[in-house]
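Enquirer: Sequence and predicted structure are below.
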Amino acid sequence: LWDEALAWWHKVVDAYVEPCGECKETSRDLFHSQFGLGGLIQLAEMAWQQGVDLYSYQNNKLFTAMEFHAYITNGGKPKECCYELKGIGFLPCGWEVGYNHYKGCMGWDMPQTAKMLAANRPEKYVFHWGLGTLTHYQTAELLHKRPAPA
């Protein structure tokens, strides 16, 4: 059953996130793409806590998607977007979780995500999402020192 569920996660990421970081719903509006991305991040974190690394799947596609969408939220327009961007705003749906994995565990810079989070902390509780500041803010240094799950 685990292998079947893992295969579905891979299929969703393959279908939902483009190599540039754009999500299937980015052209619809940024809110929906954040919901989809947030769900994938939350599942990657749950798997990480159980010793399975989904964060690195497809050359760290979630990292790329986070920076892509944070750039838009910060007011940028990626060259890949040849359409009008709608629903631009921050939704607290896993940003702190993903940020602390990539920045904390991996030590990678995420300038767009860091800027977006700094402008939107603490994460509020919206549509059963959020409060990531409560669980993940300023844990990057501690996470970086902790070895990956076995």
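Expert: Thanks, I have the structure now.
Enquirer: Please count neighbours and contacts with C-alpha atoms only from this point.
Expert: Fine.
Enquirer: average model confidence for the helix or strand where G36 lies?
Expert: For G36, the element it lies in under DSSP states H and E is helix 30-49. With pLDDT averaged residue by residue, helix 30-49 scores 91.
Enquirer: My guess is E22 contacts E67. True?
Expert: No: applying Cα atoms under 8 Å, one finds E22 not in contact with E67, separated by 9.8 Å.
Enquirer: Tell me where this protein has helices.
Expert: Remark: helices assigned in the chain by DSSP state H are 2-16, 30-49, 57-73, 95-99, 111-120, 132-136, 140-145.
Enquirer: so which of those helices is the most packed in?
Expert: Stretch with highest mean neighbour count among the helices of the chain: helix 95-99 (a mean of 25; mean count of other Cα atoms under 10 Å).
Enquirer: looking at the helices of the chain, which is closest to G87?
Expert: Closest of those to G87 is helix 30-49, at 5.0 Å (criterion: Cα to Cα).
Enquirer: How far away from the center of its chain is the closest one?
Expert: Centre-to-centre, helix 30-49 and its host chain are 6 Å apart (Cα atoms, centre = their mean, to the nearest Å).
Enquirer: what packs against that helix?
Expert: Where contact means 3 or more Cα pairs under 8 Å, 6 or more residues apart in numbering; DSSP states H and E, helix 30-49 is packed against helix 57-73, helix 95-99.
Enquirer: got those as JSON lines, with distance to Q50 columns?
Expert: As requested, those are exported to JSON lines (distance: least, Cα to Cα, whole Å):
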{"stretch": "helix 57-73", "distance to Q50": "16"}
{"stretch": "helix 95-99", "distance to Q50": "15"}
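Enquirer: Those helices: lowest mean pLDDT?
Expert: Ranked by mean pLDDT, those bottom out at helix 95-99, with a mean of 92.
Enquirer: which ones are touching the residue lying closest to N74 once chain neighbours are set aside?
Expert: The shortest distance from N74 to any non-neighbouring residue, by Cα to Cα, 6 or more residues apart in numbering, is to M116 (6.1 Å). Each residue near M116 by Cα atoms under 8 Å, 6 or more residues apart in numbering is listed here: A70, T73, N74, F90.
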